[in-house]
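*Asks:* model the following, please.
(one chain, ligands or ions: 1)
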Amino acid sequence: MTLLSVKNLVKEFPLDFFGREKLRAVDNISFDIDESKIVSLIGESGSGKTTVGKLILKLLKPTSGQILFHGEDIGKFSKNRKEYYKKVQGIFQDPYSSFNPIYKIDRVFEVVFDEFFPHVKNAQRKEKIEKVLTSVGMNPSQILGKYPHQLSGGQLQRILIARTLLLELNILIADEIISMLDASTRIDILNLLAKIKDKTGMSVIFITHDLSLGYYISDESFIMYRGNIVEMGDTQKVFHNPCHPYTKMLLESIPEIDRKWDFREHIKIETIEDESTGCKYFSRCNVREHRCQKQIPELIEIEENHKVMCFKFYG
Ligand SMILES: Nc1ncnc2c1ncn2[C@@H]1O[C@H](COP(=O)(O)OP(=O)(O)OP(=O)(O)O)[C@@H](O)[C@H]1O
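*Replies:* From the prediction side, this is the model:
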């Protein structure tokens, strides 16, 4: 079942005071998120990943296009935001920023009850909080009553994940949530998300610049480049049969333990020329054709659940 449909979404930011110049951070993207799926949005810094997450979380308004949640335009939830946020929530890179340092950890749970379930009595709240903490592998007696600075980044991210379990979410936007954590804690958090997905049917939009993490965790991968999704589909297909030159370049850039760094293997990065009428990857592309400078290719399906935005695949 489709939970979320993004249709021709565009977000522009004004670059000057009068808004005469604009930056198109998200450029006409469309995708669906089905139930119980982990979907990675992967791309380099500035490709528009976080902006997509913020648009879905209604923290920004789209310039044009639509986001449908269970078939309803999310703009319609403006009067009833709580209904939407009961089902769609986000967790961000820096866990410390989600906690107020002067309050004990317990408060992040209390806020959820006060906001969404004010009728729930204290004893029942405590029971539920302990249950969700236990289900993310934490011992409530060692966590509750502590202040944020007394816990590690990994523990705080786990607590934020536990908090979402109070809500029975449909969609969690996880924006670089493990980039501040060490390698083993990262894997623990990824496994936890996968476990919650399997158990509850929640879907996760996992935003990352790290291809290996995207590969490890996701059912589907969307590769973003300067506001466009240039390749998307089943993660196995995108990673084992990469078709867009940008996806190929990203995959070739992943360091491997038995391969020494050799700059000659890597594609040189040219300065980005103004290619406003054509493909945004034109100036970096090693398979470019004349038409790429003038026209923008559409995403076309090259096999089931695998699309690419490149003229090379046009018939
Ligand atoms: N509020 C804003 N005002 C103006 N420009 C913005 C704003 N937010 C984002 N941008 C610009 O939009 C583009 C996309 O930014 P975004 O944060 O979505 O990228 P990202 O792929 O998430 O990058 P990162 O991985 O570094 O967070 C960038 O060029 C950024 O500078």
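*Asks:* how close does the residue lying farthest from the centre of the chain sit to I129?
*Replies:* Largest separation from the mean C-alpha position in the chain: A123, at 35.5 Å (Cα atoms, centre = their mean). Going from A123 to I129 by Cβ to Cβ, to the nearest Å gives 11 Å. (C-beta placed from N, C-alpha, C; glycine too.)
*Asks:* same question for I196.
*Replies:* Distance from I196 to I129, by Cβ to Cβ: 16 Å.
*Asks:* with N305 instead?
*Replies:* In terms of Cβ to Cβ, N305 sits 39 Å off from I129.
*Asks:* more neighbours, the two?
*Replies:* Using other Cβ atoms under 10 Å as the criterion, N305 and I129 rank with I129 on top: 24 against 14.
*Asks:* tell me the SS of that one?
*Replies:* At I129 the chain is in helix, as set by DSSP: H, G, I helix; E, B strand; the rest coil.
*Asks:* so what's it scoring on pLDDT?
*Replies:* Note on I129: pLDDT of 96.
*Asks:* mind listing what it touches?
*Replies:* 106, 109, 140, 144, 166 (Cβ atoms under 8 Å, 6 or more residues apart in numbering).
*Asks:* burial measure for the second one, as a count.
*Replies:* The tally of other residues near F109 (other Cβ under 10 Å) stands at 21.
*Asks:* mind giving me the packing neighbours of the helix or strand hosting it?
*Replies:* Per DSSP states H and E, F109 falls inside helix 106-116. Applying 3 or more Cβ pairs under 8 Å, 6 or more residues apart in numbering; DSSP states H and E, one finds that helix 106-116 contacts helix 81-85, helix 122-135, helix 153-165.
*Asks:* next, the buried residues of stretch 164-182.
*Replies:* Using 16 or more other Cβ atoms under 10 Å as the test for burial, stretch 164-182 gives 164-167, 169-178, 180-181.
*Asks:* tell me how far K146 lies from the ligand.
*Replies:* 30 Å (Cβ to the nearest ligand atom, to the nearest Å).
*Asks:* doesn't A174 fall inside a helix?
*Replies:* No. Counting by three-state DSSP, A174 is not part of a helix but strand.
*Asks:* contacting residues around it?
*Replies:* 90-91, 193, 204-207.
*Asks:* circling back to that earlier point, so which of the helices and strands packed on helix 106-116 is nearest the ligand?
*Replies:* helix 153-165 (17.2 Å; Cβ to the nearest ligand atom).
*Asks:* contact residues of the stretch 201-315 of the chain facing the ligand?
*Replies:* H209 (Cβ under 6 Å from any ligand atom).
*Asks:* can you give me the helices for the stretch 201-315 of the chain?
*Replies:* 211-217, 235-240, 245-252 (DSSP state H, counting those that start in this stretch).
*Asks:* many thanks, we can stop here.
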